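In: Need the 3D shape of this:
(2 chains)
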Amino acid sequence: MRMSQLVGNRYKEQPVEATLPSHAFLLRGGYVRQVANGIYSLLPPAMRVARKIEGILRSEMNRLGGQEVLMPVVLPRELWEESGRYQTVGLELARFTDRTGHAMLLGMTHEESAVALARNEISSYSQLPLMIYQIQTKFRDEPRSRGGLIRVREFTMKDAYSFHASIEDLHRFYRQCCMAYKRIFFRVGLPQIEMVESDTGIMGGLKAHEFTLLTDVGEDTIAVCDTCSYRANMEVATGRVEAFPEDALPLEKVHTPGKKTIEEVAEFLRVPPRKTAKVVFYDSDHAGRLVVALIRGDLDVNDSKVATLIQKWPVPADEARIVSAGAVPGYASPMGLDRDKINVLVDETIAQSGNLVCGANEPDYHCVNFNLARDLPGIETCDIRRVPDGAACALCSGTLNLRRGIEVGNTFQLGVKYTASMGMTFTDAQGKSHHPVMGSYGIGVGRLISSIIEAHHDQYGPKWPMSVAPWQVHINALKLDNPDVREHAERLYQRLAVANIEVLYDDRNASPGVQFADADLLGIPVRLIVSQRNIAAGQIEYKRRSTGETGVVPLEDTVGSVINWIGQELESLNADMGI
RNA sequence: CGGGGCGUAGCGCAGCCCGGUUAGCGCGCUUGGUUUGGGACCAAGAAGUCGCCGGUUCAAAUCCGGCCGCCCCGACCA
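Out: Prediction:
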């Protein structure tokens, strides 16, 4: 490729809207252009990176036995009604009607489509297991996109769907798929990506993992054990919290005038916040009952965990709602409330503490010496707390640290949620009918591009790993109006092209500073510099983008050296070496 | 959806408060010349419905009203 013809300008001004390095470089390097909020065009350099990533995705999916398909972006409403998600998924599902008035939607994930495809083709256990995958455009009408390609509304995703005759076979395949994901991330230059336990969210199903690049600019919060391999998204992370058992003292009502918050009550009664019990009200659970969550005063409720328990997203209850259930805001307690009309969620930490302070359900009064087993008998406890930074790991003696991360991929053990609701069956060896067990597996291509830049850049631009670099070699020729320089540069360009090397040739007669700055923004791993002084010495100068190493090689050895460098760098990204 | 900010040439901005000639500046672009190892210099150019609609006024980028779009933080979100 000749740079004089390359579509897309580079510029040196820092774009005001870009706060992340990857976002700024994508704009400054001429990789992407925004078309609307969360909607981008990819220019040739980004398109080439995307194609390389897609090639790696294909090879690893094919290695798993996956078969590539292409399902539609535009889907009929009926398909999503079959699974029930037409109702349960919110505004991020873009809906519209076609000219005949038929309700349509833009696919944001393709479990329904995959089942609809497979149920007509699969009827026997002998056809299982099976995985289909596609690399395709998704649209999700996100409430807020951000960070360049990190969170967008339209994006390219590799999504895969597997079907199994048994849960055991799903588990076996799931492990293989996770290994394939590790190989993928290794091959694109991100071996540090972590496998993280996660919420199943709108996918539903049994179990899910995310694959996350830990970085301060990430938007997810991950609990990371400093000792063992436990990693979990905040949504589901659990940890050990110190228990404070005490022998129960008699329950006693105390006057606490005007003291409503945990801080006020704790200070007034001269106890630490951990000796109090906090009540949080949510408007309703799936059955319409008021939700009363009880947690130790020094801890916070984790809404995601509550959502899983009450089967809907928790919305804080307003004061009228709380009062109508017989509770007194600021002095509330589950004690004395009609347990048939409310859903009480009690965090384990309440059972592990004795003699707590809690509300008396009477204005200006609290109770001291609340003990769960005695004062609210017959309640099963659960985990509804946000893991605090520095909590003890539940699996080992280590400490959990909260880190930020970018989720670049995810995997779900779906079970029979979709195959049962959509009526997909197969016949086993005994002639009996079953629903296949399903898994689904996603990786966002654009998010991976941004993540690679976040992990591999300096102040001047990206440093692409060889496996995903838009080109392998960048030729800079200085003083191109000199016939000797031009002739050497053109010849070098031809020789490299003949050797099947991907070359970007800066054939503009631009000043060295401009050429080098542009080369840094394009981040190509090998840079070759043709100049009069190098020609006179019979040599070519090179610079490796990733290491900054510079040197010279004799002119006649150039192609051979380049082939060696490319080979070395690709070999270091070969997953067979690393995993 | 809540809070904050911004919309003037491809990009980054000034001008607006206090209405008044041909709406400026830097980068980029075009032409010519001089240059050339980390974003050169000189000269001459091209490029703008000042986000949109309406109002006030002799006169609106500037004042008023409405709308739209974009960014950041939060909420939300595989």
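
In: and the stretch 301-450 of chain A, which residues reach RNA strand B?
Out: A:303-304, A:307, A:313, A:407, A:410, A:442, A:444 (Cβ under 7 Å from any atom of the strand). Heads up, the C-betas are built off the backbone N, CA and C, glycines and all.

In: Which of the residues you listed fall within strands?
Out: Residues of those located in strands (DSSP state E): A:407, A:410, A:442, A:444.

In: Which single one of those residues is nearest to RNA strand B?
Out: Using Cβ to the nearest atom of the strand, A:Gly442 comes nearest to RNA strand B of those, at 3.9 Å.

In: how would you label the nearest residue to that closest one once chain neighbours are set aside: helix, strand or coil?
Out: Spatial nearest neighbour of A:Gly442, excluding adjacent residues (Cβ to Cβ, 6 or more residues apart in numbering): A:Asp159 at 4.9 Å. Three-state call for A:Asp159 (DSSP: H, G, I helix; E, B strand; the rest coil): strand.

In: for A:Asp159, what are its contacts?
Out: A:109-110, A:133-134, A:136, A:138, A:440-442 (Cβ atoms under 8 Å, 6 or more residues apart in numbering).

In: Name the nearest of the residues you listed relative to RNA strand B.
Out: Nearest to RNA strand B among the contacts of A:Asp159, with distances taken as Cβ to the nearest atom of the strand, is A:Thr109, at 3.0 Å.

In: my read: A:Ile443 touches A:Gly409, true?
Out: Yes. Here A:Ile443 lies in contact with A:Gly409, judged by Cβ atoms under 8 Å, at a distance of 4.0 Å.

In: what touches both of those two?
Out: Common neighbours of A:Ile443 and A:Gly409 (Cβ under 8 Å, 6+ apart) are A:181, A:184, A:211.

In: and the first one, what does it touch?
Out: Listed by Cβ under 8 Å, 6+ apart, the contact partners of A:Tyr181 are A:195, A:211, A:409, A:411, A:441, A:443.

In: that's a strand at the second one, yeah?
Out: Yes. Looking at A:Phe211 with three-state DSSP, it is inside a strand.

In: what's the pLDDT at the closest residue to it other than its chain neighbours?
Out: Excluding its sequence neighbours, the residue lying closest to A:Phe211 (Cβ to Cβ, 6+ apart) is A:Gly409, at 4.0 Å. For A:Gly409, the pLDDT comes out at 95.

In: what residues does the stretch 451-579 of chain A put near RNA strand B?
Out: Residues of the stretch 451-579 of chain A lying near RNA strand B (Cβ under 7 Å from any atom of the strand): A:460, A:478-479, A:481, A:509-514, A:516-521, A:529, A:531, A:533-534, A:541, A:543.

In: mind putting the ones in strands among the residues of the stretch 301-450 of chain A next to RNA strand B in TSV, neighbour count and distance to A:Arg491 included?
Out: Converted to TSV, these look like this (neighbours: other Cβ atoms under 10 Å; distance: Cβ to Cβ, whole Å):
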residue	neighbour count	distance to A:Arg491
A:Glu407	23	47
A:Asn410	23	49
A:Gly442	22	46
A:Gly444	24	42
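
In: follow-up on the earlier one: dump the contacts of A:Tyr181 to JSON lines, plus distance to A:Leu496 and neighbour count.
Out: Converted to JSON lines, these look like this (distance: Cβ to Cβ, whole Å; neighbours: other Cβ atoms under 10 Å):
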{"residue": "A:Met195", "distance to A:Leu496": "39", "neighbour count": "17"}
{"residue": "A:Phe211", "distance to A:Leu496": "36", "neighbour count": "26"}
{"residue": "A:Gly409", "distance to A:Leu496": "34", "neighbour count": "24"}
{"residue": "A:Thr411", "distance to A:Leu496": "40", "neighbour count": "23"}
{"residue": "A:Tyr441", "distance to A:Leu496": "38", "neighbour count": "26"}
{"residue": "A:Ile443", "distance to A:Leu496": "32", "neighbour count": "28"}
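
In: Tell me the bridge partners for A:Arg403.
Out: A:Ile222 (DSSP bridges).

In: residues touching it, list them.
Out: A:214, A:218, A:221-224.

In: For RNA strand B, what's its nearest residue on chain A.
Out: Counting by Cβ to the nearest atom of the strand, chain A gets nearest RNA strand B through A:Gly513, at 2.5 Å.

In: Just say helix, strand or coil for that residue.
Out: helix.

In: ok so, going back, I'd like the list of the contacts of A:Asp159 that fall within strands, please.
Out: Per DSSP E, those map to strands at A:133-134, A:136, A:138, A:440-442.

In: ranges for the helices of the stretch 51-200 of chain A?
Out: For the stretch 51-200 of chain A, the helices defined by DSSP state H, counting those that start in this stretch occupy A:77-83, A:85-88, A:111-121, A:167-187.

In: most packed of those helices?
Out: helix A:111-121 (a mean of 20; mean count of other Cβ atoms under 10 Å).

In: and that one, how far out from the chain's middle?
Out: Centroid separation between helix A:111-121 and its chain, computed with Cα atoms, centre = their mean, to the nearest Å, is 25 Å.

In: ok, A:Val241 touching A:Asp298?
Out: No. The criterion here is Cβ under 8 Å, and A:Val241 misses it with A:Asp298 at 9.1 Å.
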